[in-house]
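Q: pasting the sequence and the predicted model now:
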Amino acid sequence: MSLFLVRHGATEWSLSGQHTSRTDIPLLPQGEEEAADLGGFFEDQEFALVLTSPRLRARRTAELAGFPDAVVDEDLREWDYGDYEGLTRAEILERDPDWTIWDGPTPDGETAADVATRLDRLISRVRAADGDVLAFSHGHISRALGGRWIGEAPSFGRSLILDTATVSVLGEDRGVWVIERWNA
């Protein structure tokens with residue numbers, strides 16, 4: 001089985017570099033075009049399960065890619081940025097020069113341990129599915145998921161770049177969980 005992981009299309013904040021977790025902002029027209037273009041990627045693919053983050057940008061990406069009935073899964077929501085919601089990395093570094101999402105702390109947000117627990121729960125559900133799974137999500141949480149899939153800490157995600165409206169594939173090879181494709 002494989003997990004096909006899609007990051008949502010472009011939003012105003014993804015282009016400006018603002019951290020977006022709880023804020024429910026729409027896709028830009030560019031993001032809607034990107035999402036619609038994803039449909040061709042999945043043309044001949046069948047999925048045992050299709051999941052989406054509860055956020056509008058992920059649900060709309062799923063819909064435009066041809067999966068309007070994707071099941072909302074809270075574990076796919078973006079890493080909670082807490083007090084850093086809506087801020088750019090430069091603005092956060094003015095407050096805390098050593099901060100990264102991977103190492104925290106993030107005031108009133110999620111810790112890496114919180115994220116690991118949530119992703120491990122998601123991974124268990126995905127691996128129990130009877131076939132391939134498709135999931136629509138966000139940048140940092142998807143990067144952390146790539147790490148957790150192969151048994152690493154969420155911080156492994158710092159080494160995985162992820163653009164908007166891209167597809168990554170997580171799978172298994174001879175009993176080993178692997179990253180088959182990233183940021184395609």
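A: Arrived safely. None of these values were measured; they are calculated from a predicted model.
Q: can you pull out the helices in this protein?
A: Under the criterion DSSP state H, the chain carries helices at the ranges 12-16, 29-38, 56-64, 89-95, 112-128, 139-149.
Q: let me have the ones you listed in TSV, extended by distance to L160, mean neighbour count and mean pLDDT.
A: In this view, the C-beta of every residue, glycine as well, is placed from N, C-alpha and C. Formatted as TSV, the helices of the chain follow (distance: least, Cβ to Cβ, whole Å; neighbours: other Cβ atoms under 10 Å; pLDDT from 0 to 100):
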stretch	distance to L160	mean neighbour count	mean pLDDT
helix 12-16	16	15	95
helix 29-38	19	18	97
helix 56-64	18	23	98
helix 89-95	17	12	96
helix 112-128	14	17	97
helix 139-149	5	25	98
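Q: got a list of what A184 touches?
A: By Cβ atoms under 8 Å, 6 or more residues apart in numbering, the residues touching A184 are 166-169.
Q: picking that back up, nearest to W79, of the helices of the chain?
A: Closest to W79 of the helices of the chain, according to Cβ to Cβ: helix 139-149, at 4.4 Å.
Q: on that earlier part again, of the contacts of A184, select the buried ones using a ChimeraX command.
A: The ChimeraX command for the buried members of the contacts of A184 (criterion: 16 or more other Cβ atoms under 10 Å) is given here:
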select :166,167,168
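Q: strands - which of the contacts of A184 land there?
A: 167-169 (DSSP state E).
Q: make TSV out of the residues you listed and add pLDDT and distance to A35.
A: Formatted as TSV, the ones in strands among the contacts of A184 follow (pLDDT from 0 to 100; distance: Cβ to Cβ, whole Å):
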residue	pLDDT	distance to A35
V167	98	12
S168	98	16
V169	98	18
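Q: S142: which of those residues is nearest?
A: Distances from S142 to the ones in strands among the contacts of A184, taken by Cβ to Cβ, are shortest for S168, at 6.9 Å.
Q: how far away is the closest one from G146?
A: Distance, S168 to G146, by Cβ to Cβ, to the nearest Å: 7 Å.
Q: tell me who's in contact with the nearest residue to H19 once chain neighbours are set aside.
A: If the residues on either side of it in the chain are set aside, H19 comes closest to Y81, at 4.3 Å by Cβ to Cβ, 6 or more residues apart in numbering. Listed by Cβ under 8 Å, 6+ apart, the contact partners of Y81 are 19-22, 87, 101, 106, 109.
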